[in-house]
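Engineer: after the sequence you'll find the predicted model.
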Amino acid sequence: MKNVFRFSNLRLFSALLALILALPVSRNGLAGFYSWLSPFIMLNSVLVLKSFVWLNIVSVPVIIIAVFRKRWFCHNLCPVGYYCDLVSGQGTRSPLSHRRLPDISRLLAVISLAAAAAGLPIFIISDPLAIFNGFFSVFSGDLKLAAIVSLAGFPLLLLISFFFPGIWCTKLCPLGGLQLVISDLNHQVKRIFTNRAVEPKSNDSGRRYFIMTGAGIVAGSVIPRILKPPACNVIRPPASVEASLFNSLCCRCGSCSKACPTGIITPQTDFTSPFSWMTPEISFKSGYCLETCSRCSQVCPSGAITLFDVRAKNRLFMGTAEADLENCLVVNNRECVRCVESCKYDAIKFVSGHSVLNVIPVVLNQKCVGCGACEVVCPKSCIVIKPVARS
């Protein structure tokens, strides 16, 4: 069994597989699969939502292995660790050695999880697998320069590793820190059941964890009250959680945009909304939200987009269509039925206008989910989807 665990090519194979799955070469349910392997994302999600995202089950073995083999995932399966070590081997050590820097990986992990229990997963966006998958979103379409720069977290980690070899994996990574915390807890449990004497170092570690947890709970409780994000006037993917929770729960991994078959999910780059920076929003320039698709919910590892069945899409309201009738062909006595024919939810109908000779299109708000089909096909761009009001 040990030979299997130490298989020399396992790490290389894992890194190449993660690279293939991260690239937006095929829009399917495996987009960004490696993000699901992160117990750090999983635990943050569970503590915030108080529920379990179904594919998070694949991260449970990582936790179990960490109990018996400290940071085995980091040394054998983590693609970020592999590429950072690869770059570290090519770099030159900085005269400012990071060996003297404190290991804050445990600190980041514990504070984030404690804050998540209070409702705010502070460091979920620093998960290495989310950073890795998020970077490859730059190849998924026509992104703005601001988006490309913001998604460059993975190259930044490589650059840091070049000048400070090993610093990310050994000092900063919250996923690695979580595995160390799990290993520490395992040692504590063993000590209790074997009645070993308490070591002074163990007491210090316990006090540190107590302080970290307290700091996280305070941060998760206080920060949302102090920094209340403004209302985000964008269209979110269907079944997204409420705005304030969405901004903090979304790990910016880009999986939803890579999985979307019509390419309508793009990262938000509005400088006036820093809290929602790089979170996914809907743009109907390239298509509309297919009535037969639920891929964005299938690939979201944090639960920011709740898993849903396509049969429920007529109840998942993203926005509402609004029509400017001034340039509408039908209102101007010209033939056009595109909006009515494109609507799969029967949310647009023609009613009598000012005279018996003409009709006008009317949007039924109780049926319109804001899929964008009518906006895409309107020849005069008379229809625009407005986001629904979110708390």
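Structural biologist: Sure, I can see it.
Engineer: test my guess that residue 147 contacts residue 279.
Structural biologist: No - the criterion here is CB atoms under 8 Å, and residue 147 misses it with residue 279 at 11.3 Å. (Each C-beta comes from the backbone N, C-alpha and C, glycine too.)
Engineer: now for these two: what residues contact both?
Structural biologist: Shared contacts of residue 147 and residue 279, defined by CB atoms under 8 Å, 6 or more residues apart in numbering, are found at residue 267.
Engineer: pick out the residue nearest the middle of this structure.
Structural biologist: Of all residues in the chain, the one closest to the mean position by CA atoms, centre = their mean is residue 251, 3.3 Å from it.
Engineer: just give the nearest non-adjacent residue to residue 235, would you?
Structural biologist: residue 282 (4.0 Å; CB to CB, 6 or more residues apart in numbering).
Engineer: against residue 279, how distant is residue 300?
Structural biologist: Counting by CB to CB, to the nearest Å, the gap from residue 300 to residue 279 is 12 Å.
Engineer: quick one, helices of the stretch 251-391 of the chain?
Structural biologist: Listed in chain order, the helices of the stretch 251-391 of the chain (DSSP state H, counting those that start in this stretch) span 255-259, 295-299, 338-342, 373-377.
Engineer: can you tell me which of the ones you listed is most buried?
Structural biologist: helix 255-259 (a mean of 29; mean count of other CB atoms under 10 Å).
Engineer: surely residue 152 and residue 135 touch.
Structural biologist: Yes - judged on CB under 8 Å, residue 152 makes contact with residue 135 at a distance of 6.6 Å.
Engineer: so these two - more neighbours on which side?
Structural biologist: Between residue 152 and residue 135, residue 135 has the larger neighbour count (other CB atoms under 10 Å), namely 21 against 15.
Engineer: you'd agree the more buried one is in a helix?
Structural biologist: Yes - counting by DSSP: H, G, I helix; E, B strand; the rest coil, residue 135 is located in a helix.
Engineer: show the pLDDT at it.
Structural biologist: For residue 135, the model assigns a pLDDT of 90.
Engineer: if we can go back for a sec, out of the helices of the stretch 251-391 of the chain, which gets nearest to residue 58?
Structural biologist: Ranking the helices of the stretch 251-391 of the chain by distance to residue 58, with CB to CB as the measure, places helix 295-299 first at 12.7 Å.
Engineer: what about the residue nearest to residue 269 when sequence neighbours are not counted, how many neighbours?
Structural biologist: Spatially, and ignoring its direct neighbours in sequence, residue 269 is nearest to residue 146 (4.3 Å; CB to CB, 6+ apart). By other CB under 10 Å, the residues close to residue 146 number 15.
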